[in-house]
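Colleague: the sequence and its predicted three-dimensional model are supplied below.
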Amino acid sequence: MPITACWLHWLALPTGDQAAVLDAMDLTDARPIDFEAAVTAVDDDAHDPDHGYDRVFVTPELNGWTLVVGAWCDPTEPDMPGLCERLSARFGQAQAYYFGAQCDGSAWLVAENGRVLRRAAFTGETDDEELTIGEPLPFEVQCRAEAGEDEFEWEFRLWGMAPELAGALSVDPHGIGPHTRVRGRGVMARTRQAAS
């Protein structure tokens, strides 16, 4: 089933080795959970300012990728470029995304082979522009060309681009369904934030 939440944050890693993902991200206390319960937990956590960063859902392998889902995976956080660089050095790629389903915008961070290629945020926050790293990705350039001179259409597209970009580069959580190749079982795990 699709993974949805009012405020959805996730990391995408091109591996099915869940144990390696848990180790690389210092995630602990991993417990099996079914998809429906995990989606509910992710949305509940998104609404919890006190404990929303304490745990993440680590999916089974989905079309060759593992997603780590939870507020702790926010691509706009100061330590996320460093984390994605380390993860991409280990797994080849690491992508972090944010999508606000209530017209709250999008953000993404894409790293390959130990280097951040791009970070962009379109959330209406005052520091969006300061978060920018790198040049627009080919997918962004293509979407800009499709929007033409219509600035309103382009801004609207940017605010909803994270799932679209994820679908082009890895896995769109909103697009998970019966057609998705699944291997293994998902787990809920505790983050370093919970331990501190």
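Modeller: Alright, I've got the coordinates.
Colleague: can you pull out the helices in this structure?
Modeller: 18-24, 35-46, 80-91, 138-147, 151-159, 161-169, 192-195 (DSSP state H).
Colleague: what mean pLDDT does the last one get?
Modeller: Taken as a whole, helix 192-195 has a mean pLDDT of 72.
Colleague: pull out the buried positions in that helix.
Modeller: Neighbour counts over helix 192-195 (16 or more other C-beta atoms under 10 Å) mark Ala194 as buried. All C-beta spots, glycine's among them, are computed from the backbone N, C-alpha and C.
Colleague: low-confidence regions, the protein specifically.
Modeller: Low-confidence segments of the chain (pLDDT under 70): 195-196.
Colleague: circling back to that earlier point, which stretch among the helices of the chain comes nearest Arg115?
Modeller: Arg115 lies closest to helix 80-91 among the helices of the chain, at 6.4 Å (C-beta to C-beta).
Colleague: other residues contacting that closest one?
Modeller: 11, 13-15, 20, 24-25, 73-75, 94-96, 109-116, 119, 133 (C-beta atoms under 8 Å, 6 or more residues apart in numbering).
Colleague: what's the first-to-last distance across stretch 44-60?
Modeller: End-to-end distance for stretch 44-60: 20 Å, by C-alpha to C-alpha, to the nearest Å.
Colleague: need the contact partners of stretch 96-107.
Modeller: Against stretch 96-107 from outside (C-beta under 8 Å, 6+ apart): 4-12, 73-76, 80, 84, 108-109, 119-124, 131, 158-163, 165-166.
Colleague: pull out the buried members of the residues you listed.
Modeller: Using 16+ other C-beta under 10 Å, the buried ones in those are 5, 7-12, 73-76, 80, 84, 108-109, 119-123, 131, 158-159, 161-163, 165-166.
Colleague: picking up where we left off before, please flag which of the contacts of helix 80-91 sit within strands.
Modeller: Those of those mapping onto strands are 11, 13, 94-96, 109-112, 115-116, 119, per DSSP state E.
Colleague: which of these are buried?
Modeller: 11, 13, 94-96, 109-112, 116, 119.
Colleague: now the residues you listed as a markdown table including distance to Cys103?
Modeller: Putting these into a markdown table (distance: C-beta to C-beta, whole Å) gives the following:
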| residue | distance to Cys103 |
| --- | --- |
| Leu11 | 23 |
| Leu13 | 29 |
| Ala94 | 27 |
| Gln95 | 23 |
| Ala96 | 21 |
| Leu109 | 21 |
| Val110 | 23 |
| Ala111 | 28 |
| Glu112 | 31 |
| Val116 | 27 |
| Arg119 | 21 |
